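Peer 1: here's my sequence, what's the structure:
(chains A and B)
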Amino acid sequence: MTTTHSSVTRSSTTSRWERFRDSYLLYSFKRDLIAQFSLAVFILLVGCALLAPWLAPMNPYDLAQIDILASELPPFWVDGSDPTYLMGTDSQGRDLLSTILYGLRVSLIIGFGAVAMQASLGVCFGLLAGYLGGRVDAFLMRMADIQLSFSTLMVAIVVGALFKAIFGGATFSTYAVPLLVLIIGLAEWPQYARTVRASVLAEKGKEYVDAARVMGLSSRRIMFRHILPNTLSPIFVISTVQVANAIISEAALSFLGLGMPETQPSLGSLIKSGFDYIQSGSWWITLIPGLVLVVLVLVINLLGDWLRDVLNPRLYKG
Amino acid sequence: MIAFLIKRLFHALLVMFVISVIAFAIQDNLGDPIQQMVGQSVPESERAVLREELGLNDPFAVQYLRFAANAVQFDFGYSYVFNEPTTDVILRHLPATLELVAASTFLIIALSIPIGVYSAIRPRAWLSRFFMGVSIIGISIPVFLTAIVLIQLFAIGVSVTPFPADTGWGGWLNDLLSTEGGMPAYGRGDPVAVFGTWETNFASLKGLSYLVLPAISLASIMLPLFIRLIRAEMLEVMQSEYVKFARAKGISLRRIYFLHALKNTMLPVITVGGVQIGTLVAYTILTETVFQWPGMGLMFLDAIERSDIPLIVTYLMIVGLIFVITNTLVDLIYGLVNPTVKLTGKPA
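Peer 2: As a prediction, the model looks like this:
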């Protein structure tokens, strides 16, 4: 999907692949080493996460495979390591490499899920606010302002705390993945709404919208089929940054104990559970998942930077 | 000007109203004061009487008005856990958080302006590129991870021996890569009492040493944002006509950079920055958790852990108030400083 919305469109007779091959997007990608490297690392990480059940030496969710006697073993380059456990083990004797692979999967699922959630909320509200204007616009944008004036992290923490209080700890742990998607989605929709609204306002006055309206098309059809496709490039640019933000938010919530439980760890809850053992010298339990998290977020941010430079949409400032 | 002022104040009141309704809805639905007051052994009939006496059966709007009337006088009831007024609990924890935020803000201002200006003046210098590279890495590291790495490096210490220690250079390199540790990374130490419940870490060197690691961690999340913002704005200003004109007149470069350009750079930095300083409060929750810094953030997490609803509600109201005050002040300052803002017009 990334490629079909390239900013350059040729005549409609050429196929999508030909259009992509000639696009400025691909041209600049070929010339940008950092972007190529970031994409390679990103694909590698996503691949490892998807193939976790086949790549991981053991299944961290399977209690039968866990050996408590093998807990807190260091990674292979430190004295006293066990070659069975390449990256060492955590405090419960789980192989750290396996838990990281599974944790990476959880983090990515929540990251992308939360962005899908906030994008659908934000795009709908942004289209409504921009196209309808008037009171709807004033109300929705005031809501977005209020929410943004608290940081999104604050909103996520508060909503997370409320959900935990409402559902109770056990239920919260069971449904942690969909709940976290909902929490982060609710906390960050204003980013999308403001961006979409700004480009809808720019598109609304153009002639093709007038034409569609004169033809008697319904508002909904004009919004979603005519205006929305023309606002995709800014949406796409903020999406990359938002995925990185969502992954960090999830890690932060899990670190505070408002996210994934230790039995089904994400990268954030791995860092949290390792932090309790850092004083006893077992730094790898917390720092290796931390390193994976930083690399993941960094390559997404680098890709986002590159994309913003290439597509160069007028993003809503502030 | 007066109209602008009134409009902004009205906006602030509206936001506070929304926050208070949400806070009250939480209290109304999640907290059961009767349960907390009387415990298990009291029969249901007496509970019903008590409920009626306390007005808990009144309609939502009536109860909300009562809540709001008390809230205006900063009376939010008693904390379940501490058994004292929630505002007292908050006041006891407030100084620790404020000092942490103040120290971080100082670090951010002291570092971001020179670095941002330098990398705008010399965008191609290797040092600027280095700063830009570090800042995008900085954005990608969550604040709690920075904190953990700092603890590992400077509180626990790292000793690495990748080089042969028996040779002189190997030992020297090993020493260079290893760190001592020993920085305090737990709590506030023994802060000096100033007055009332206000204890400060700024009074002694030992107190300050407790502040170093938490303040650096907290600053690390905002510093890259500010450096990038100042650089971007400064680059834009440097392209403007009046800077070119000043240069053509032969004014010294230093004067142009720091007197003419920086002044106009600071305008957007104040707006974005002011709001961001407010959001630092959110990040104090994470920093305080890692360092067990006894501030409001740690208290809030404890309150969630123990379902201390009145304390949670009070925290939300107070933090909401802090946000609203900073945002309103920033708006007003921006309106005063920037002559092009239409004071009475509709906000864009």
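Peer 1: point to the residue nearest the middle of chain A.
Peer 2: Centroid-nearest residue in chain A, with Cα atoms, centre = their mean: A:Val243, separated by 2.3 Å.
Peer 1: show the contacting residues for that residue.
Peer 2: Counting by Cβ atoms under 8 Å, 6 or more residues apart in numbering or on different chains, A:Val243 makes contact with A:111-112, A:115, A:300. Just so you know, the C-beta spots here come from the backbone N, C-alpha and C atoms, and that holds for glycine as well.
Peer 1: check chain B for its longest helix and report it.
Peer 2: helix B:86-121 (DSSP state H).
Peer 1: between the helix or strand that it is followed by and helix B:86-121, how big is the angle?
Peer 2: The element immediately downstream of helix B:86-121 (helix or strand, assigned by DSSP states H and E) is helix B:126-140. Computed by axes from the mean of the first three to the mean of the last three Cα atoms, to 10 degrees, the angle separating helix B:126-140 from helix B:86-121 equals 150 degrees.
Peer 1: chain center to helix B:126-140, what's the gap?
Peer 2: From the chain centre to the centre of helix B:126-140 is a distance of 23 Å (Cα atoms, centre = their mean, to the nearest Å).
Peer 1: what lies in contact with that helix?
Peer 2: Against helix B:126-140 from outside (Cβ under 8 Å, 6+ apart): A:244, A:294, A:297-298, A:301-302, A:305, B:115, B:118-119, B:122, B:220-221, B:223-225, B:227-228, B:231.
Peer 1: just the buried ones from those?
Peer 2: A:244, A:294, A:297-298, A:301-302, A:305, B:115, B:118-119, B:220-221, B:223-225, B:227-228, B:231 (16 or more other Cβ atoms under 10 Å in any protein chain shown).
Peer 1: ok, stretch A:73-83 near chain B or not?
Peer 2: No. Stretch A:73-83 stays clear of chain B (Cβ under 8 Å from any Cβ of the partner chain), getting no nearer than 9.7 Å.
Peer 1: what about that stretch, average pLDDT?
Peer 2: If you average the pLDDT over stretch A:73-83, you get 72.
Peer 1: also stretch A:184-200?
Peer 2: 88.
Peer 1: burial check on the closest residue to chain A within the stretch 1-150 of chain B, number of neighbours?
Peer 2: The stretch 1-150 of chain B approaches chain A most closely through B:Ser140 (4.0 Å), counting by Cβ to the nearest Cβ. By the criterion of other Cβ atoms under 10 Å in any protein chain shown, B:Ser140 has 22 neighbours.
Peer 1: one step back: can you put the contacts of A:Val243 in JSON lines and add pLDDT and secondary structure?
Peer 2: Output for the contacts of A:Val243, formatted as JSON lines (pLDDT from 0 to 100; DSSP: H, G, I helix; E, B strand; the rest coil):
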{"residue": "A:Gly111", "pLDDT": "93", "secondary structure": "helix"}
{"residue": "A:Phe112", "pLDDT": "94", "secondary structure": "helix"}
{"residue": "A:Val115", "pLDDT": "94", "secondary structure": "helix"}
{"residue": "A:Ile300", "pLDDT": "93", "secondary structure": "helix"}
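Peer 1: assign B:Ala193 to one of the three secondary structure states.
Peer 2: strand (DSSP: H, G, I helix; E, B strand; the rest coil).
Peer 1: who's in contact with it?
Peer 2: Contacts of B:Ala193 (Cβ under 8 Å, 6+ apart): B:Glu199.
Peer 1: any idea how far it is from B:Tyr186?
Peer 2: 20 Å (Cβ to Cβ, to the nearest Å).
Peer 1: cool, and A:Arg16?
Peer 2: Taken as Cβ to Cβ, the span from A:Arg16 to B:Tyr186 is 58 Å.
Peer 1: which of those two has more neighbours?
Peer 2: B:Tyr186 (14 against 10).
Peer 1: what sits against the spatially closest residue to that one that is not a sequence neighbour?
Peer 2: Distances taken as Cβ to Cβ, 6 or more residues apart in numbering or on different chains place B:Gln292 nearest to B:Tyr186, at 5.4 Å, with adjacent residues excluded. If a contact means Cβ under 8 Å, 6+ apart, then B:Gln292 has B:186-187, B:298 as its contacts.
Peer 1: any chance of those in TSV, plus secondary structure?
Peer 2: Formatted as TSV, these follow (three-state DSSP):
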residue	secondary structure
B:Tyr186	coil
B:Gly187	coil
B:Leu298	helix
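Peer 1: closest one of the residues you listed to chain A?
Peer 2: Nearest member of the contacts of B:Gln292 to chain A, counting by Cβ to the nearest Cβ, is B:Tyr186, at 9.2 Å.
Peer 1: I figured the closest one hits B:Val290, correct?
Peer 2: No. Counting by Cβ atoms under 8 Å, B:Tyr186 stays clear of B:Val290, with 9.8 Å between them.
Peer 1: on the three-state scheme, B:Phe4 is what?
Peer 2: helix.
Peer 1: was I right about it contacting B:Gly335?
Peer 2: Yes. Counting by Cβ under 8 Å, B:Phe4 touches B:Gly335, with 5.8 Å between them.
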